[in-house]
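K.L.:
What follows is a predicted structure for the sequence shown.
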Amino acid sequence: MPRLSTQPYKGTRDFYPEEMRLRRWMFGRLRETVERHGYEEYDGPMLEPFELYAAKTGEEIVNSQLYAFEDRGGRKVAIRPEMTPTLARMVAGKFHELPRPVRWFSTPNLWRYERPQRGRLREHWQLNVDVLGGDPVLADAEVLGLAFELIDGFGGGERIAIRVNHRRLVDHFFREELKLPEGAALKATKAVDAREKVGEERYQAWLLEIGLDPDQARRMDEFFQSPFEATARRMPCEGVELLRGLFAALEGSPARERIVFDPTVMRGLDYYTGTVFEIFDTSPENRRAMFGGGRYDNLLRLFGNESLSGVGFGMGDVTLQNFLETHRLVPALPAATDVFVALPSAGLRKAADAVARELRKAGLRTVTSLTPGAFGTQLKQAQRLQARFTVLLGERELAEGMYLLKNMATGEQSAHGLGQLAPAIRA
């Protein structure tokens, strides 16, 4: 029988304890911040009906990236590639019971069949933050401010740019200025969204396939290169006024200094209808979009006649880790062991267990040796576990009701009674 590979499935990762420490630290910091803003955590199933994504998720995801299959009951299901459709389904399910606005967050495991590359894998974890209800401009401002605060909480606030656009502005340009029919306008937004990924030659060919003539292509380039005020003067419309209101609502917020108008930001998902944004790392070593989101007005209508506008974003763990490592913002993360209790002989097991119970009651993460051995062997075990302290059971000290406590960083040793070990460790 051939030996099985020890490698994980392509595009996924193993999380050994060291990697888990980093992941737990990142999401722990994110969770603390969103909970301070009053957001509540939710979760949903990994599997959803295929139709949930086919209805509104972007065409590229549904046709090329979705892990979909038929279950044993003949139902077509998919592994979730994103969380917003599940959120909409859950909110629609208890529409009349939930207090407004709905402020929810989640940290789901998501899957997309993509070509693995830096910042993009087939499986990742993601912080999702959404607000449904409330004044749309104020909700957009809150979400943008929170997105900035999450990165600033890691010390990276001055290393990002928040690129903002509005789909109603883009829709106005395509339909009223270029006179494109709705189908062609939607295809044009997807082409712009994918321009950097597909390259200039493919992008220009895409425009020809959509039916744009050279003059329309030239006017597109002018529009996408124009600063906000120039666009606002030349093309007054609802999208311009909504952006003005958003920028005004953000005045006084630290996020306002990082916000840049960028009409090329589209976000490829079909359900975005209003403000769209992406957070970019400005470092030359990692210049890329880290995460983004936007406003969706019609998603709940998939489940009935009720309507509730929402705005949110998803921050993936892969791009966040790349950002933090690029800017050296990851601190030294200690192992999970505070104290290692040595076991010099099998006859001292009860004494070792009594010490461990006392230390655990005091909230210290304590490991006992499962293999009796000499002090030198026990200390090597403690070092491998990266324990901060080791309790040594010496015969002379035990006879006096005392225990030796060794600081593994300094090498200092001191004797303490059982009730004094925890205070000595915390001192």
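P.N.:
Done, it's in.
K.L.:
Beta-bridge partners for the closest residue to R267 other than its chain neighbours, please?
P.N.:
Using C-beta to C-beta, 6 or more residues apart in numbering and skipping the chain neighbours, the partner closest in space to R267 is V276 (4.4 Å). For the C-beta atoms, the positions are set from N, CA and C on the backbone; glycine is no exception. Beta bridges link V276 to N165, G294 when assigned by DSSP bridges.
K.L.:
quick one: V276 and Y67, what's the gap?
P.N.:
Distance from V276 to Y67, counting by C-beta to C-beta, to the nearest Å: 26 Å.
K.L.:
hang on, the earlier thing: hmm, the residue nearest to R267 is touching R168, no?
P.N.:
No - with contact defined as C-beta atoms under 8 Å, V276 does not count as touching R168 (10.3 Å).
K.L.:
contacting residues for V34?
P.N.:
Taking C-beta atoms under 8 Å, 6 or more residues apart in numbering as the criterion, V34 is in contact with F105, L127, V129, L146, L150.
K.L.:
export those residues to JSON lines and tack on neighbour count and secondary structure?
P.N.:
Below are those laid out as JSON lines (neighbours: other C-beta atoms under 10 Å; DSSP: H, G, I helix; E, B strand; the rest coil):
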{"residue": "F105", "neighbour count": "22", "secondary structure": "strand"}
{"residue": "L127", "neighbour count": "24", "secondary structure": "strand"}
{"residue": "V129", "neighbour count": "24", "secondary structure": "strand"}
{"residue": "L146", "neighbour count": "20", "secondary structure": "helix"}
{"residue": "L150", "neighbour count": "23", "secondary structure": "helix"}
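K.L.:
Between V276 and Y67, which is the more surrounded one?
P.N.:
More neighbours surround V276 than the other of V276 and Y67, with 26 against 15 (other C-beta atoms under 10 Å).
K.L.:
Mind pulling up the pLDDT for the more buried one?
P.N.:
Model confidence at V276, expressed as pLDDT, equals 96.
K.L.:
which residues sit in contact with it?
P.N.:
By C-beta under 8 Å, 6+ apart, V276 lies in contact with V164, N165, H166, R167, V265, M266, R267, G292, G293, G294, R295.
K.L.:
How about the fifth one: what's its closest non-neighbour residue?
P.N.:
In other words, V265. N165 (4.2 Å).
K.L.:
Please tell me I have it right and E19 contacts W25.
P.N.:
No - between E19 and W25 there is no contact under C-beta under 8 Å: 10.7 Å.
K.L.:
Comparing the two, which residue is more hemmed in?
P.N.:
It is W25, of E19 and W25, that has more neighbours when counted by other C-beta under 10 Å, with 15 against 12.
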